[in-house]
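Peer 1: build me a structure from this.
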Amino acid sequence: MLLFRAVPEKSAMHRALLLMTTSAFFFGLMAFSAKLASARLSGPQVAMIRFAVGILPCLVVPRYRRDAMTFHRVDLLLYRGLFGGIAVLLYFIAIEHTSVGVATLLNYTAPIFAGTLSVIFIGEEISPKVLLPLPVALTGIFLVVHAHAAPGDLLGFGKWELIGLASGVCSGAAVTAMRAARRGENSWSVYGSFCSLGLLTTMPLGLLTWKTPHAAEWGWLAATSLCAIVAQLLLTFSLRWVDAMTVGVISQLAVVISMALGATFLADRITPMAAIGSILTIGGVVGVTYVTSLSKRKADAVEIAPES
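Peer 2: Residues are numbered from 1 along each chain as shown. Next up is the predicted model:
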């Protein structure tokens with residue numbers, strides 16, 4: 001039976017906000033764990049194991065397996081899984097070769113691209129006011145990568161920074177598909193498609209670069225995978241109640257956490273230029289998300305499919 005409500009219940013909204021905040025916290029921990037795991041192992045191998053562990057709940061728990069196989073829009077789930085898998089693959093490659101904070105910052109520019117793609121593919125409107133915060137975000141990105149520039153990099157962008165930014169583009173495409181899919185799909189079908197297609201996407205490079213992990217590396221791989229499971233499920237569950245602006249704002253917490261952990265435990269150097277650039281990027285992303293979300297808020301009733 002379908003339920004129709006003009007707005008979500010206050011208690012459900014509060015719960016969704018808590019889930020989103022917790023999700024962002026675990027995404028930050030996941031990035032930090034992945035950086036430690038990729039000290040010797042390749043980013044694709046770490047990503048492959050992350051997806052292999054992530055798919056286990058859908059395989060070993062009958063109820064979750066049944067829910068994961070219950071879906072309506074196969075196309076949206078395929079888009080979500082494919083682009084999500086590519087995004088994680090590129091993100092983990094960037095984590096392997098750059099600082100965890102820079103890689104996460106570039107990956108979390110996804111709301112900028114999600115806003116644009118939502119206009120093209122799911123018919124959402126975008127305000128011209130987005131032209132105000134967008135240059136702020138782009139300036140911040142330039143300052144961050146320029147602060148870590150190596151000799152010969154074009155405008156501070158080396159290939160690993162470009163790969164990190166490409167992960168943000170693919171993540172924006174995945175988020176757009178996920179937001180559309182959650183209008184009619186249950187959480188486990190969205191999550192299952194992401195993990196299964198992500199595993200297929202990362203497996204070729206993961207197997208090609210395979211190194212047998214040491215005991216400590218298995219620990220960091222386990223931490224990466226478990227943090228990813230918790231973060232992804234909390235995010236997927238909360239998307240039914242949380243709008244694009246709230247997602248974009250709270251998700252930036254993962255950037256702050258990864259940068260703080262990198263600076264504290266990995267001696268990642270945060271120069272004044274990098275700090276200013278990070279603030280501008282996060283502020284610009286939040287601004288873009290806020291402006292684009294204004295035109296999406298409507299008082300129309302929202303159709304809510306029940307969890308099965």
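Peer 1: and the longest helix that the chain contains, average pLDDT?
Peer 2: In the chain, ranked by residue count with DSSP state H as the criterion, the top helix is helix 10-37. Computed over helix 10-37, the mean pLDDT rounds to 88.
Peer 1: what does the next helix or strand after that helix rub up against?
Peer 2: Per DSSP states H and E, helix 10-37 leads on to helix 43-54 as the next helix or strand towards the C-terminus. If you take C-beta atoms under 8 Å, 6 or more residues apart in numbering as the criterion, helix 43-54 is touched by 30, 34, 37-38, 85, 88-89, 91-97, 195-196, 198-199, 202-203, 205-211, 221-222, 224-226, 228-229, 232. In this view, the C-beta of every residue, glycine as well, is placed from N, C-alpha and C.
Peer 1: show me what the helix or strand following helix 43-54 is packed against.
Peer 2: Using DSSP H and E, the helix or strand that follows helix 43-54 towards the C-terminus is helix 56-60. Secondary-structure packing of helix 56-60 (3 or more C-beta pairs under 8 Å, 6 or more residues apart in numbering; DSSP states H and E): helix 62-68, helix 187-208.
Peer 1: need those helices in TSV with mean neighbour count, can you?
Peer 2: As requested, those are arranged in TSV below (neighbours: other C-beta atoms under 10 Å):
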stretch	mean neighbour count
helix 62-68	15
helix 187-208	22
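Peer 1: which of these has the lowest mean pLDDT?
Peer 2: Among the helices and strands packed on helix 56-60, helix 62-68 carries the lowest mean pLDDT (a mean of 85).
Peer 1: the following helix or strand past that helix - what's its average pLDDT?
Peer 2: From helix 62-68 onward toward the C-terminus, using DSSP H and E, the following helix or strand is helix 74-97. When pLDDT is averaged along helix 74-97, the result is 90.
Peer 1: mind listing what's buried along helix 74-97?
Peer 2: Residues 76-77, 79-97 are the ones in helix 74-97 that count as buried (16 or more other C-beta atoms under 10 Å).
Peer 1: in PDB, list the C-alpha atoms belonging to it.
Peer 2: What follows is helix 74-97, C-alpha atoms only, in PDB (Å, rounded to 0.1, in the frame of the first residue of the first chain):
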ATOM      1  CA  VAL A  74      16.300  -1.600 -13.900                       C
ATOM      2  CA  ASP A  75      17.700   1.200 -16.000                       C
ATOM      3  CA  LEU A  76      18.100   3.600 -13.000                       C
ATOM      4  CA  LEU A  77      19.700   0.900 -10.900                       C
ATOM      5  CA  LEU A  78      22.100   0.100 -13.600                       C
ATOM      6  CA  TYR A  79      23.100   3.700 -14.000                       C
ATOM      7  CA  ARG A  80      23.500   4.100 -10.300                       C
ATOM      8  CA  GLY A  81      25.600   1.000 -10.000                       C
ATOM      9  CA  LEU A  82      27.800   1.600 -13.000                       C
ATOM     10  CA  PHE A  83      28.600   5.300 -12.300                       C
ATOM     11  CA  GLY A  84      28.900   4.600  -8.600                       C
ATOM     12  CA  GLY A  85      31.400   1.800  -9.200                       C
ATOM     13  CA  ILE A  86      33.500   3.900 -11.600                       C
ATOM     14  CA  ALA A  87      33.300   6.800  -9.100                       C
ATOM     15  CA  VAL A  88      34.600   4.600  -6.200                       C
ATOM     16  CA  LEU A  89      37.300   3.100  -8.500                       C
ATOM     17  CA  LEU A  90      38.600   6.600  -9.500                       C
ATOM     18  CA  TYR A  91      38.300   7.900  -5.900                       C
ATOM     19  CA  PHE A  92      40.400   5.000  -4.400                       C
ATOM     20  CA  ILE A  93      43.000   5.500  -7.100                       C
ATOM     21  CA  ALA A  94      43.200   9.200  -6.200                       C
ATOM     22  CA  ILE A  95      43.400   8.200  -2.500                       C
ATOM     23  CA  GLU A  96      46.300   5.900  -3.300                       C
ATOM     24  CA  HIS A  97      48.300   8.700  -5.100                       C
END
